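J.: A structural model of the following input is requested.
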Amino acid sequence: MALGWKDWKQSDVIYGIVAPVVVVLVIVGLSQLSSIFERGSYGIITGIVSEIEEIVILVGVPLILGLTWNRWAGGASGFLLGSIYATWWSVKFGMFYPGLLRGFGPTILGYVLSAMLIGYMAGALNKQSDNFRRMLIVGAISATAGGLLLFGLFHLSTMNVVTGSDGFLLTVLTRTACGVIIPIIAKVFMWYGVALNKKATL
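T.: So this is what the prediction gives:
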């Protein structure tokens, strides 16, 4: 039965208006953090925000689509988002350091391939299973594999600055942590979807 123009519920306002606006405002707030803090902490704040952006785009979205949908959705979203992130990264740093981009080829390639690998591997291993333990294992394995690939490609770049234990922590372990968190979100999405389907059939 199609909804009419008078068929509005409180949940429509919450999930259709309030939630998206809050998310957008949070993103705007994160983008302004660097200007709020003193100049001395600029690098730290910028690094944290950039890392969150990178993890969400290159790990979170491909992983959740791979876990809840299939390997093709995960891999394709990883390829597209990785390409967009690599392009944005190239434009951003190319404006300030135009001569340096020639050495960053493996890094840019790594952004695309690691995101694609994470999404595809998650879908191929999980096979649309809703078992939380399986999703947790798959998420951790997929995200770690993508992080190791990216960390390795960083070292093929002549301009690599991500080295040692700090580089491993930022590149690999943050992705492993994301691989543990995302299955929780995916499971909630699945519960919510099942609840909606049951409600629709009643």
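J.: okay, and the helix or strand of this structure with the least pLDDT?
T.: The helix or strand of the chain with the poorest confidence is helix 33-36; it has a mean of 58 (mean pLDDT, DSSP states H and E).
J.: now the end-to-end length of stretch 169-177.
T.: Taking C-alpha to C-alpha, to the nearest Å, the first and last residues of stretch 169-177 lie 10 Å apart.
J.: pLDDT on it, on average?
T.: Averaged across stretch 169-177, the pLDDT comes to 89.
J.: before we move on, what about stretch 186-199?
T.: pLDDT averaged over stretch 186-199 equals 65, rounded to a whole number.
J.: try stretch 109-128
T.: Per-region confidence: stretch 109-128 scores 93 on mean pLDDT.
J.: domain parsing for the chain?
T.: 7-43, 54-201 (automatic domain parsing).
J.: Can I get the ones you listed in CSV including mean neighbour count?
T.: (Glycine included, C-beta is placed from N, CA and C.) Output for the domains of the chain, formatted as CSV (neighbours: other C-beta atoms under 10 Å):
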stretch, mean neighbour count
domain 7-43, 10
domain 54-201, 18
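J.: quick one: the helices in the protein?
T.: Secondary structure of the chain by DSSP state H: the helices cover 10-13, 19-31, 33-36, 42-55, 61-68, 71-96, 105-126, 132-154, 164-168, 174-201.
J.: Nearest to Gly4, out of those?
T.: Proximity of these to Gly4 was assessed by C-beta to C-beta; the nearest stretch is helix 10-13, lying at 12.9 Å.
J.: With just CA atoms, put the closest one into CSV.
T.: Written as CSV, here are the backbone C-alpha positions of helix 10-13 (Å, rounded to 0.1, in the frame of the first residue of the first chain):
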residue,chain,number,x,y,z
GLN,A,10,7.7,10.7,14.2
SER,A,11,10.3,8.2,13.0
ASP,A,12,10.2,9.9,9.6
VAL,A,13,11.2,13.2,11.1
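J.: Off-centre distance for that helix?
T.: With C-alpha atoms, centre = their mean, to the nearest Å as the basis, helix 10-13 stands 27 Å off its chain's centre.
J.: Check stretch 156-172 too.
T.: In this view, stretch 156-172 has its centroid 19 Å away from the chain centroid, taken as C-alpha atoms, centre = their mean.
J.: shaky segments in this structure?
T.: Counting by pLDDT under 70, the low-confidence segments of the chain come to 1-3, 30-49, 93-103, 159-161, 193-202.
J.: try 90 this time
T.: Residue ranges of the chain with pLDDT under 90: 1-54, 56, 69, 85-110, 128-130, 152-171, 185-202.
J.: Apart from its neighbours in sequence, what residue is nearest Ala143?
T.: Among residues not flanking Ala143 along the chain, Gly179 sits closest, at 2.8 Å (C-beta to C-beta, 6 or more residues apart in numbering).
J.: Against Ile108, how distant is that neighbour?
T.: Shown here: Gly179 relative to Ile108, a distance of 23 Å by C-beta to C-beta, to the nearest Å.
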